[in-house]
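A.B. asks: Quick one, structure for this:
(2 chains, ligands or ions: 1)
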Amino acid sequence: MGKTIAEKIIGEHAGKEVSAGEIVIAKVDVTAVQDGTGPLAVQQLEKIGLVQAKNPERTVLFIDHAAPSPHKDLSNAHQILRGFSKETGAILSEVGEGVCHQRLVESYVNPGDILIGADSHTCTSGALGAFSTGMGSTDVAIGIALGKTWLRVPETFKIEVTGKFKKGVYSKDLILYLIGEIGADGATYKALEFTGDTIENMTMSERFTLSNMAVEAGAKTGLIESDETTRQYLEQQGRGDKFRPIKADEDADYDLVIEINAADIEPMISAPHTVDNTKTTGELKGTKVDQVFIGTCTNGRLDDLEIAAGILEGKQKHPDIRLIVTPASKDVYLQAVEAGYIATFIKAGAAVMAPGCGACVGVHQGILGDGEVCLATQNRNFKGRMGNTEGFIYLASPATAAASAIAGEIVDPREVL
Amino acid sequence: MESNLKGRSWKFGDDISTDLIAPGRLFHLRTNLPELAKHVLEDADPKFPSKVQKGDFVVGGSNFGLGSSREHAPTIIKIAGVGAVLAKSFARIFYRNGINVGLPLLICDTDLIDEGDELEVDLSAGTINDVTKGIELTFAPLPDVMIKILQDGGLAAHIEKHGDFNLD
Ligand code: SF4
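C.D. replies: As a prediction, the model looks like this:
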C-alpha cells in the first residue's frame, strides 16, 4: 500500500514506516511560538527546569499578535520572549517583521520538514510540502527543548480540484466553499491533501491561502506536493538548495476523496459567526459594512495587495467605512511600497498598519464597536474574534473586500473587475 | 488524579470557540492566568465565571474548543475548578491541550444532559451517572498515550518525571 504525504514525512521523522492511526514520537525540524502563546511555553520550560532549545537556529519566537504592544502587560510578555531568545539562541522575530506563518514560509520551512507551532494556522506551511501543525504552548515548549513531539499519524482527505476559476474567483473562495461543504469539523484530526490541475496552476501565495485555512475544517494540516512552483519560490527566497520533491504515492490510501470543479465556484463569503456559514457574495449583496480589513496570514501577501490595489486605484473608499490594510510581512510591505500599492491604498483613504496580525485577533488596530460589521480577508469570524462579541465578521477574498470598501456594502467583485 | 468526580452541569451549545473561552480582547491577561480565569467562558454565559463551583462540569455540544491553539483556554477552565469537560466532539488542538494541562475531556452524548443536572463521573470505569435524570452514559476511553500524560499530571510534569517522552 502506498503512502500519503503525511505518512511519508512522519515516517521519515519517526525512523520507521508508519500508517494512519499509529502514534509515534517524531523529530521536529522547526518550532515556533508567538507572543500570545510563547510566554506560557517559556514559563512551562522554566517550571520544569528545561530552558533550552535543541535547534536554536530553527526555533523562532514571533512578536506579531500585539505588535507594537498596545498594553504594558503585553510589553512584559514580549520581554519574556526576548529573554528566552538571549538565553537559548532561538531566533526572535521582532515588531514589524510580520505574521508568524508568512515569516515561516518566507525564511524557515522546507519541503519534507516537520514544523510544530503554537498557533492554529501553523498548517499554512503545508503548502510547501511540509508537515506543519498547530499545537498548544506546552507541546511546542517540549518540542523546542527536546526537538521532538508525539504525533498520531492522521488519515488524509484528498481534495482534488480541476478546471479554471471564473473571473473574480480566487483560492480564498475555493477554501471557503470547501469548508462550507464539509463543515467546521468536517476534517477534524485529518490531514488534507490538495491536488489537481487547479492547484498545480496556482502560485505559492494562492496555495498558502488554502493550507492556512485547513484548520477551519478541523484539519491537522493542509498539504500540497512540492513541485516546480515550490522550487522557484524557494529559489526566490534564497533556499533553492532546500527543495525536495514530496508527493503521495499513486496508490496511497485516502479516507475520502472530494472532487471539486473550480468553474462551479462563485465569489464566496463566510457569514457570522462560523466559517462554515458560507454564502455566495450574490446572496449577501447590499449588506452594509462599517470596516473593511485587508491583511493577515490568509490574504496579506503581495498578490493579495496587488488585487486590492488594482480595484482601489484612483478610487475612494466609501465615506462611511474604515479601510484597514496590514501587509503580512516586512518583505511584502516593502514590495508593496515599491510597486505603488501602498500609495494607492493611502490615496483611497486606507489606514495602513505595520506588518503583523493587526485587527485579526481583537487585540488592537481595528476592534469593532457594538453592532458593527466587518468584511475581512482573514480566516475566522467567530463571535468576539475582533475584540467585541457584539460585532459581526464576514470573510472574503481581497477582491471582494476592496470592491465592497468602495461601495460601503457587500458587492460581487465582478462588478468592478 | 482523582478518578471519581462529582458536580453540576453547565450546559453550552455547539462550536464553543477558544475566543468564547479565553477572549482575544483579554490578550494582555495571558501571563496572568488566575485573573484570566475570572472571565472564563463569560462570552458564552456571563454568569458562569462567578457561579461555577469546584467540581462542576462544562457540558458542550459538538466541536468544543475550535479555533486557536491557545492552551490558556483549557487551563483557565481547570483553574476555575471544573472537574471535566463533556462534549459530543472536541476540536483537535483543544483536545490535546486539555490532556496536556491535566483537564479530563470526555466524549459522550451530551444531548441527554441538561443544565444543572447532578453528575457523577468515574474516569477509570468510563461512566457518567446523571443523578438528576437517573441515567448512565458511557464515554470512549482516551488513547493510551493521553492516559499516561494525564496520570502524570500533564505533559510538562510527564517530561519532568521521565526526562523524555515515556509513552510506550
Ligand atoms: S493574522 Fe490572524 S489568523 Fe494569522 S496568525 Fe495572526 S491572529 Fe492568527
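
A.B. asks: From now on I want contacts and neighbour counts done on CA atoms only, so please keep to that.
C.D. replies: Fine.

A.B. asks: and chain B, which of its residues are near chain A?
C.D. replies: Neighbours of chain A within chain B, by CA under 8 Å from any CA of the partner chain: B:17, B:19-20, B:23-31, B:43, B:63, B:66-71, B:91-94, B:96-97, B:100, B:155-157, B:160, B:164-165.

A.B. asks: how about A:Gln365, what does it touch?
C.D. replies: Contact partners of A:Gln365, counting by CA atoms under 8 Å, 6 or more residues apart in numbering or on different chains, are A:353, A:358-359.

A.B. asks: ok so A:Arg385 is a strand residue?
C.D. replies: No - A:Arg385 sits outside any strand when classified using DSSP: H, G, I helix; E, B strand; the rest coil, being coil.

A.B. asks: Closest one of the contacts of A:Gln365 to chain B?
C.D. replies: Closest approach between the contacts of A:Gln365 and chain B, by CA to the nearest CA: A:Ala359, at 10.6 Å.

A.B. asks: Which stretches in chain B count as helices?
C.D. replies: Ranges of helices within chain B are B:18-21, B:33-37, B:48-51, B:72-79, B:92-100, B:144-151, B:155-162, based on DSSP state H.

A.B. asks: Ok, which of these comes nearest A:Val42?
C.D. replies: Nearest to A:Val42 among the helices of chain B is helix B:155-162 (11.4 Å), distances taken as CA to CA.

A.B. asks: The ligand contacts on chain A?
C.D. replies: Contact residues (CA under 6 Å from any ligand atom) of chain A with the ligand: A:65, A:99, A:296-297, A:357, A:360-361.

A.B. asks: which of the residues of chain B next to chain A count as buried?
C.D. replies: Buried members of the residues of chain B next to chain A, counted by 16 or more other CA atoms under 10 Å in any protein chain shown: B:17, B:19-20, B:23-25, B:27-31, B:43, B:63, B:66-71, B:91-94, B:96-97, B:100, B:155-157, B:160, B:165.

A.B. asks: re earlier: using ChimeraX, define a selection of the buried residues within the contacts of A:Gln365.
C.D. replies: Per 16+ other CA under 10 Å, the buried members of the contacts of A:Gln365 correspond to this ChimeraX selection:
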select /A:353,358,359
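
A.B. asks: Please convert the contacts of A:Gln365 to JSON lines, extending it with pLDDT.
C.D. replies: What follows is the contacts of A:Gln365, written out as JSON lines (pLDDT from 0 to 100):
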{"residue": "A:Met353", "pLDDT": "98"}
{"residue": "A:Gly358", "pLDDT": "95"}
{"residue": "A:Ala359", "pLDDT": "97"}
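
A.B. asks: okay if I get the contacts of A:Gln365 as JSON lines plus secondary structure and distance to chain B?
C.D. replies: Output for these, formatted as JSON lines (DSSP: H, G, I helix; E, B strand; the rest coil; distance: CA to the nearest CA, whole Å):
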{"residue": "A:Met353", "secondary structure": "coil", "distance to chain B": "19"}
{"residue": "A:Gly358", "secondary structure": "helix", "distance to chain B": "12"}
{"residue": "A:Ala359", "secondary structure": "helix", "distance to chain B": "11"}
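
A.B. asks: just the contacts of A:Gln365 now: which is nearest the ligand?
C.D. replies: A:Gly358 (7.0 Å; CA to the nearest ligand atom).

A.B. asks: quick one: contacts for that closest one?
C.D. replies: Here A:Gly358 is in contact with A:65-67, A:296, A:326, A:364-366 (criterion: CA under 8 Å, 6+ apart).

A.B. asks: cool, and B:Ile16?
C.D. replies: B:Ile16 sits next to B:44, B:60, B:63-66 when contact means CA under 8 Å, 6+ apart.
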